[in-house]
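Chemist: sharing a model that was predicted from the sequence below.
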Amino acid sequence: MSKQDWRQAASGAVVPIVIIAFWQASAMLGWINPQVLPSPFAVVHKWIEYLLPLTAYDPAAQSWLSWALSGELLGDTFSSMYRVIVGFAIGAGLALPLGLLMGSSQRMYAWFNPLMQVLRPIPPIAYIPLAILWFGLGNAPAVFLIALGAFFPVLVNTIAGVRQVDGIYIRAARNLGVSQRTMFVRVMLPAAVPYILSGVRIGIGTAFIVVIVSEMIAVNNGLGFRILEAREYFWSDKIIAGMISIGLLGLIIDVGMNKLNNHLLRWHRGLEN
């Protein structure tokens, strides 16, 4: 990391540190009910418990690595990420080719756009009863809801990217006598990549929101399920620990996507500069 990256990270940490300090001071002074809002120290303690294995290490039963990775937090994180990856892959895998077709063909756009505009405002949560009716309980309804959540951001951004290609690129390619296929592959698709990657970034964020909701209803593991379980027993510290885990995981995903976008769009920024 460069000095500028460290400065940006330090600047971004100021507000969270102030909030946590005020929160801890309020808890120590008795201004808040610890059962309703436990102190940051209590939340960190519960988060560590959530991370660590539940049983003592037994060399005869399992390897040290398997034991070290057997904590609830790691297991729930793996379950949630598995659903996000599978659901997003299905949703984006369907949205990308459809968006490319709708963006490049006026006829395809006329056929599919009315249906997409009717379905797009319906939140994935509204499909929960149907998802359970169609797929039962388990991973299938959760993956279905996540795919729905990821589908429309990728679709809309892909259509916008293809339809808003600068006309000068298209005219220049036509003057060179390129075929329609070459026009699409070498001109329209690369010019639409920034829009597509923005849709992918939004779609992953939406998929992560949907997975938490779906896990509270349709499955018996995952970060969303664990937060709901903690609510049943009024474990406020574990609820907040789960929420912080979700936030940190979302931050890691967003930072990774941002770095991927910067890497893939180096040519685009180079042309702009």
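Modeler: Structure received.
Chemist: helices along this structure, start to end?
Modeler: Secondary structure of the chain (DSSP state H): helices located at 3-28, 40-51, 64-68, 72-104, 106-119, 128-135, 139-163, 167-175, 180-183, 189-215, 223-232, 236-264, 266-272.
Chemist: list the buried residues of the second one.
Modeler: Residues Pro40, Ala42, Val43, Lys46, Trp47, Tyr50 are the ones in helix 40-51 that count as buried (16 or more other Cβ atoms under 10 Å). C-beta here means a position set from N, CA and C on the backbone, and glycine is covered the same way.
Chemist: so who does the closest residue to Arg174 other than its chain neighbours touch?
Modeler: Excluding its sequence neighbours, the residue lying closest to Arg174 (Cβ to Cβ, 6 or more residues apart in numbering) is Met183, at 7.5 Å. By Cβ atoms under 8 Å, 6 or more residues apart in numbering, the contact list for Met183 reads Ile170, Ala173, Arg174.
Chemist: next one, pLDDT for the first one please.
Modeler: Read that as Ile170. On pLDDT, Ile170 comes in at 70.
Chemist: can you pull the contacts of it?
Modeler: Counting by Cβ under 8 Å, 6+ apart, the residues that Ile170 touches are Met183, Val187, Met188.
Chemist: what's the distance between the residue lying closest to the last one once chain neighbours are set aside and Pro194?
Modeler: In this structure, Met188 finds its nearest non-sequential neighbour in Val165, 5.1 Å apart by Cβ to Cβ, 6+ apart. Distance from Val165 to Pro194, counting by Cβ to Cβ, to the nearest Å: 11 Å.
Chemist: so which of those two has more stuff around it?
Modeler: Val165 (19 against 16; other Cβ atoms under 10 Å).
Chemist: now do that one, the pLDDT please.
Modeler: Looking at Val165, the pLDDT reads 72.
Chemist: check Arg269 too.
Modeler: On the pLDDT scale, Arg269 gets 58.
Chemist: kindly report the same for Thr206.
Modeler: pLDDT, Thr206: 87.
Chemist: for the closest residue to it other than its chain neighbours, list the residues it contacts.
Modeler: Distance criterion Cβ to Cβ, 6+ apart; nearest residue to Thr206, sequence neighbours excluded, is Gly149 at 4.3 Å. Taking Cβ under 8 Å, 6+ apart, we find Gly149 in contact with Gly87, Gly91, Pro124, Gly203, Thr206, Ala207, Ile209, Val210.
Chemist: same deal with Trp6?
Modeler: Counting by Cβ under 8 Å, 6+ apart, Trp6 touches no other residue.
Chemist: how close does it get to Ile212?
Modeler: Taken as Cβ to Cβ, the span from Trp6 to Ile212 is 32 Å.
Chemist: now do Val36
Modeler: 22 Å.
Chemist: neighbour count: those two, which is higher?
Modeler: Between Val36 and Ile212, Ile212 has the larger neighbour count (other Cβ under 10 Å), namely 20 against 8.
Chemist: that one against Met81, yeah?
Modeler: No. Ile212 lies out of contact with Met81 (Cβ atoms under 8 Å); the separation is 11.9 Å.
Chemist: what ranges in the protein fall below the confidence cut-off?
Modeler: Of all residues in the chain, those with pLDDT under 70 make up the ranges 1-2, 5, 166-167, 169, 267-273.
Chemist: domain assignment for it?
Modeler: Structural domains annotated on the chain: 3-50, 72-270, as defined by the TED database.
Chemist: could those go into JSON lines alongside distance to Ala56?
Modeler: Output for those, formatted as JSON lines (distance: least, Cβ to Cβ, whole Å):
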{"stretch": "domain 3-50", "distance to Ala56": "14"}
{"stretch": "domain 72-270", "distance to Ala56": "16"}
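Chemist: return the most buried member of these.
Modeler: Highest mean neighbour count of the domains of the chain: domain 72-270, a mean of 18 (counted as mean count of other Cβ atoms under 10 Å).
Chemist: centre of the chain to it, how far?
Modeler: Distance, stretch centre to chain centre, for domain 72-270: 8 Å (Cα atoms, centre = their mean, to the nearest Å).
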